[in-house]
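**Student:** next input, structure requested:
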Amino acid sequence: MSEYSHREIEKKWQNFWESNEVYRVQNTSNLPKYYVLDMFPYPSGAGLHVGHPLGYIASDIYSRYKRLKGFNVLHPMGFDSFGLPAEQYAIQTGQHPAITTEQNITRYIEQLKNLGFSYDWSREVRTSDPSYYKWTQWIFTELFESWYNNDAQKAERIETLIAIFEKEGNHNVNAACDEDIPSFTAEEWNSLSEEEQYKITLKYRITYVADATVNWCPGLGSVLSNDEVKDGVSERGGFPVIQKLMRQWMMRITAYSQRLLDGLDQVDWTESLKEQQRNWIGRSVGALVKFPVATSKDGLAGEETITVFTTRVDTIYGVSFMVIAPEHELVDVITTPEQRADIDAYIDVTKKRSERDRTSDVKTVSGAFTGAYAINPFNDEKIPVYIADYVLAGYGTGAVMAVPSGDQRDWNFAKHFDLPIIPILDSQKDMEVQADNTKEGKYINSGMINGLTFHEANKILVQWLEEKGVGKGKINYRLRDAVFSRQRYWGEPVPVFYKNDSKGEPLPYLLKEEELPLNLPAVDKYLPTEMGEPPLGRAAGWAHGSGNGYELSTMPGWAGSSWYWYRYMDAKNENEFASKEAIDYWRSVDLYIGGTEHATGHLLYSRFWNKFLKDRGFVPEEEPFKKLINQGMIQGRSSFVYRVKSDEYSKPVFVSAGLKSQYEVSALHVDVNIVENDILDIEKFKASRLDIAGENAEFILEDGKYHCGVEVEKMSKSKFNVVNPDDIVTKYGADTLRLYEMFLGPLEQAKPWNTNGIDGTYRFIRKFWRLFYNDQGQWLVKDEPAKPEELRVLHKTIKKIEEDIEHFSFNTGVSAFMMCVNELGSLKCNKRAILQELVILISPYAPHLSEELWDALGNEKGTVSKAAFPKWEQQYVVDAIFEYPIQINGKVRVTLPFALDTAATEIEKEVLANEIVIKWLDGNTPKKVIVVPKRIVNVVM
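**Tutor:** Numbering: from 1, shown residues only. Below you'll find the predicted structure:
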């Protein structure tokens, strides 16, 4: 092919790769393995925009590079295909989410294939496919059949726990479990009925049912995660979200808190992302303190106690009030009749705020007095108990002992409600103005620790708590057990049915493995039932073979994505989630690329499930993702037209950007696809707006053109700045798009998209092509020995590209290619020895172009990906010339080039003969000339 026709070339090679399964990979090889993974997408109806492929292009370049380096590379793609958008569309239209999802996936695959990615499509997975979610359900059953042994620091099968109960009861069991488990002996255990024993084990299992405060969205009919709630409304649809206590499936991720922290030291992730997870897990060393509760200032302590976790037990004598969460289980019990109305009103307001809003709002002070008092166990002082929305029931114990002298939020609360502020350290200052949280100085007003320092006091106080049985030292974590239920249709069914116990209460029982998958049933509507049950309650006759009803909630969105990298290893296995042989070969992901938005969601849950699977012996690695790179966002470059605000005009008037300062205007987004080089296509703009159709508009132009304003914003449909990659591929080609997206800037940084700049990349590809063909389409490549200067250009480029790819500096790699092509063009180089290596070198970036030229060079068709990455040679990468700075009395006056092998005497001679040096010598003879090879020449006067 003599002319560069990107449409013909790219379609030709995409068809060849697919029909010949060029990128299909085997699970056995003599080559070392390398596993490159993209965070798989949710297939939205909008398809891809140009911002989406950024990470995919980077991972594809690296995958192709590793193949050239002699690795057996696994580079798969699939779809996280359960999700709310398809369900919302089903609610609106009645179309089954599976149909919508299938249509969207078809579109995504088409777009991804058009970009030339080297995915092994034979391993494609979809989380909504029953053959996939069968194994998501299976992992759930394994979690249910396991408990976490704190002594062994691992999950074990529930049978090992039962064996301990049978021999010695639970006195010595150190497990992650519910708090309300009674102590029992082996004799007592063995005397229980099978049903009673089963109920006790439910309190130990890693997945369990509990009442939990959740983000309930009535508009969506579902529980939402914190990440799905923004400013008190759902991120999807903007529906109001309230806090509600609901019966939910939970997972004891908290059992893995310390291992999740420790594992961060084993992975190559950015420190900022690690810090996000550390903060989310939130390890704190402190003490638990039990406060008896009295229902009046003068009353005696009752049976109720409020337990508080504090990292500053040394401040115990400065406690002047207590705050508990509005959802705390004791609120109803301890609230006095006189305060009931205030408490109920405050709780109603709190329900309308998300947890994130409640904890992040540090300026607003609010609360309500319960009428009850807590008794400080150290000095028997009675302190009022309030509820306030900044305390969360699920964080810690849901109660805070307030020390306003040392905590600013407590200080604000105390000032607002006129409560005492007790100084506790002689070094505290300005407490009338603000709190002072110092740990310096010695304690005052502090009973048994008066005169002691911080480090002395802590040990004494914890020892006293433990001796008196009113508290203990404890390590606490901010992380909470994960809610594992969603009251919606489009998700994995939970493989559980319910059978009533002897008291008529439903107990959960697992399906057997041979009964999996439990498929989603047909329903008449995708809405909750009239009785408020989830949509699965609409499924007629949906029950277990025993006649008992199934669980009506579905799994959360993160379930299917918490193990999917293993399914890619053995995607068609019908007997297990992946074979031991495949898992032992691929082991873990070597390179994972995706967005930072998953730091405390997907990445945390995936690590949790992976550690569980390792505990149970199903996988060999503690951490699933060795190296993680978060690609930056490609932002949109929005275009604006400016409408004149004036009653003088009888029709809409739009003024060009350069003239808008002369008018009062309002800026309106305009579709970037009808703007080229910031010039508006006025006719297309008119056609896109009903209000100015035909001639019903006036345009005030500059130089006969309408210039649009521009602004960098997030790429979104609402801002009309979405650029479809299909349009770019059609006009410029996939290789141009791949190179351009890498050229925009460092992979990890945000960068603005500008279609205006892509022409330069397209010209570069055509210039590359002209190294092989001239403008008349004649083949230029010759089998002649390469010249030294040509070899220097090639080998410097090989070295640069290798270093840049290894460091994921893809943008500077594109620059290096451009410089190389310019230099070879100047040298009129058309030597096969140079160009064949260059084709291999650029193939990770521009695979279609490379395949075409590789074939034209006479190599086996479609094999450029199987070539060996070129090796650079030292002799060609060392500069032959060095620019010496010439210092005269310590100041650089000129820079002179010398060959590297020039003798020092020759350098000195030429320096002293240079006109500029002679000028600065001003007729004087230098004392000496110091030549430091390959560094500097110093002329000393």
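**Student:** okay, and for the protein, where does confidence drop off?
**Tutor:** For the chain, the stretches flagged by pLDDT under 70 are 1, 227, 691, 693-695.
**Student:** tell me the centre residue of it?
**Tutor:** H598 (2.3 Å; Cα atoms, centre = their mean).
**Student:** number of nearby residues for T905?
**Tutor:** Neighbour count for T905, taken as other Cβ atoms under 10 Å: 10. Just so you know, the C-beta spots here come from the backbone N, C-alpha and C atoms, and that holds for glycine as well.
**Student:** surely it is in a helix?
**Tutor:** Yes: according to DSSP: H, G, I helix; E, B strand; the rest coil, the state of T905 is that of a helix.
**Student:** pull up the gap between it and L912, please.
**Tutor:** T905 is 11 Å from L912, where distance means Cβ to Cβ, to the nearest Å.
**Student:** spit out the contact partners of the residue nearest to the centre of the chain.
**Tutor:** Counting by Cβ atoms under 8 Å, 6 or more residues apart in numbering, H598 touches M39.
**Student:** need the phi and psi values for it.
**Tutor:** Main-chain torsions, H598, degrees, to the nearest 10: phi -100, psi 10.
**Student:** do Y592 as well
**Tutor:** phi -120, psi 130.
**Student:** nearest spatial neighbour of it, skipping sequence neighbours?
**Tutor:** Leaving aside its sequence neighbours, Y592 sits nearest to F625 (Cβ to Cβ, 6 or more residues apart in numbering; 4.1 Å).
**Student:** the one you found and V267 touch, don't they?
**Tutor:** Yes: using Cβ atoms under 8 Å, F625 makes contact with V267 at a distance of 6.6 Å.
**Student:** more neighbours, those two?
**Tutor:** Neighbours per residue (other Cβ under 10 Å) separate F625 from V267, with F625 holding more: 24 against 18.
**Student:** from L264, how far out is that one?
**Tutor:** Separation of F625 from L264 (Cβ to Cβ): 11 Å.
**Student:** just V214 next, same as before
**Tutor:** 28 Å.
**Student:** look at those two and report which has more neighbours.
**Tutor:** Ranked by neighbour count (other Cβ under 10 Å), V214 and L264 place V214 first, with 24 against 17.
**Student:** Three-state assignment for that one, please.
**Tutor:** What three-state DSSP gives for V214 is strand.
**Student:** how about the helices in the stretch 1-150 of the chain?
**Tutor:** All helices of the stretch 1-150 of the chain, identified by DSSP state H, counting those that start in this stretch, fall at 6-19, 53-68, 84-93, 97-114, 130-144.
**Student:** need the winner for burial among the ones you listed.
**Tutor:** Stretch with highest mean neighbour count among these: helix 53-68 (a mean of 24; mean count of other Cβ atoms under 10 Å).
**Student:** packing partners for it?
**Tutor:** Helices and strands touching helix 53-68, by 3 or more Cβ pairs under 8 Å, 6 or more residues apart in numbering; DSSP states H and E, are strand 33-38, strand 72-74, strand 589-594, helix 734-743, helix 788-806.
**Student:** L536: which of these is closest?
**Tutor:** strand 589-594 (31.0 Å; Cβ to Cβ).
**Student:** show residues contacting the next helix or strand after the closest one.
**Tutor:** Note on strand 589-594: by DSSP states H and E, the next helix or strand toward the C-terminus is helix 602-615. Outside of helix 602-615, the residues within contact range by Cβ under 8 Å, 6+ apart are 39, 139, 142-143, 146, 154-156, 206, 251, 253, 256, 259-260, 263, 273, 277, 280, 482, 558, 561-563, 565-566, 619-625, 628.
**Student:** how far does helix 602-615 sit from its chain's centre?
**Tutor:** Averaged C-alpha coordinates place helix 602-615 at 15 Å from its chain's average position (Cα atoms, centre = their mean, to the nearest Å).
**Student:** ok, I475 touching A287?
**Tutor:** No: using Cβ under 8 Å, I475 is not in contact with A287; the gap is 10.2 Å.
**Student:** between the two, which one's more packed in?
**Tutor:** Applying other Cβ under 10 Å to I475 and A287 shows that A287 carries more neighbours, namely 22 against 11.
**Student:** does the more buried one sit in a helix, a strand or a coil?
**Tutor:** Per three-state DSSP, A287 ends up strand.
**Student:** please name the bridge partners of it.
**Tutor:** Beta-bridge pairing of A287 under DSSP bridges involves T310, G473.
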